[in-house]
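Asker: Model the structure of this input:
(one chain, ligands or ions: 1)
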Amino acid sequence: MDSHCFMVEKPCPVCMKNTRVLKTRSRLMVEKTDEDFCVHYKGFNPYYYKIWVCEHCGYAADEKTFLTKMPERQRKMLWDFLAHKQLEFEFKEERDIPDAIASYQLALSYLDIVESVPSKKASLNLQLGWIYRFMGESEKEAEYLLKAAEFYDESITKERYPIGNLTDSGAMYLVGAIYYRLGDMEKCAQHLSRIIGDQSVRSREPKIYDKARDLWSDVRAQQNEEKKKAGSGK
Ligand SMILES: [Zn+2]
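Answerer: Presented below is the predicted three-dimensional model:
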């Protein structure tokens, strides 16, 4: 097992059996953080281990969802689905990239079955996009980033914030940052301007306000650069 991980046993919220899962130690060295909050760590990638998979029934979810008591109706929907499959998942002490991708895809498929809230789908799509970013697979990265942006947009209109640490302004910034990464400066600017144009965000959430303003000036610089190029090309 990687020295950054340790094993614990937790009851699966669907089949109720105890399953082995891996947690990562919190003391990790941060190398850099991208605009969309993707953190690059030194020597180890905790995102490979974010999704817990039950080794008995194959249910998969992020730690928080896994540990939260599930409404009986949802549990039954998942159990009806999983009981027929008789899936058994090999518990692995170390995950490689394909294991990580498979775990996110499983977790996303269960969110669809229980018709989960868009914020959860958004966050897993975003993280799966990051996994492809670490691999340098930009086409796949863009596919999942776009889904994340669309689910966050839907979530902002439908759900009550804050969700975890994320406020609605934080989510708005994040969607802007995702479009920035996707190279869609128009959509990026649309989202950022809603933060910059709101003085109450400036006083309530100065950190988000500053991040939005910094990214905004990058967007403006890029747009000017493009204009210059277009001008000199004539
Ligand atoms: Zn289970």
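Asker: Which helix runs longest in the chain?
Answerer: Using DSSP state H to define each element, the chain has its longest helix at helix 206-232.
Asker: for that helix, packing partners?
Answerer: Other helices and strands packing on helix 206-232, by 3 or more C-beta pairs under 8 Å, 6 or more residues apart in numbering; DSSP states H and E, are helix 168-182, helix 185-196, helix 199-204. (Each C-beta comes from the backbone N, C-alpha and C, glycine too.)
Asker: Deepest-packed of those helices, please.
Answerer: helix 168-182 (a mean of 23; mean count of other C-beta atoms under 10 Å).
Asker: Show me the contact partners of it.
Answerer: Residues outside helix 168-182 that contact it (C-beta atoms under 8 Å, 6 or more residues apart in numbering): 34-37, 119, 126, 142, 145-146, 148-149, 152-153, 155-156, 161-163, 166, 185, 187-192, 194-195, 198, 201, 204-205, 208-209, 211-212, 215, 218-219.
Asker: again, only using 6 Å
Answerer: Under the criterion C-beta atoms under 6 Å, 6 or more residues apart in numbering, residues 35-36, 142, 145, 148-149, 152-153, 156, 161, 187-188, 191-192, 194-195, 201, 205, 208, 211-212 lie in contact with helix 168-182.
Asker: likewise stretch 119-136?
Answerer: The contact list for stretch 119-136 (C-beta under 6 Å, 6+ apart) reads 38, 47, 100-101, 104, 107-108, 111, 140-141, 144-145, 147-148, 151-152, 155, 159, 163.
Asker: Quick check: can you list the domain ranges of this protein?
Answerer: Taking automatic domain parsing as the reference, the chain has its domains at 1-68+84-159, 160-227.
Asker: circling back: kindly calculate the angle that the longest helix of the chain makes with helix 168-182.
Answerer: Angle, helix 206-232 to helix 168-182, by axes from the mean of the first three to the mean of the last three C-alpha atoms, to 10 degrees: 30 degrees.
Asker: which parts of helix 206-232 are buried?
Answerer: Buried positions in helix 206-232, judged by neighbour count with 16 or more other C-beta atoms under 10 Å: Ile208, Tyr209, Lys211, Ala212, Leu215, Trp216, Val219.
Asker: ok, back up a step: go through the helices and strands packed on helix 206-232 and name the closest to the ion.
Answerer: helix 168-182 (31.0 Å; C-beta to the ion).
Asker: Centre of the chain to the closest one, how far?
Answerer: 12 Å (C-alpha atoms, centre = their mean, to the nearest Å).
Asker: what's in contact with stretch 187-205?
Answerer: Ser169, Met172, Tyr173, Val175, Gly176, Tyr179, Tyr180, Tyr209, Ala212, Arg213, Trp216, Val219.
Asker: Look up the closest residue to Ala212, ignoring the ones flanking it.
Answerer: Once flanking residues are discounted, Ala212 sits nearest to Ile195: 4.1 Å by C-beta to C-beta, 6 or more residues apart in numbering.
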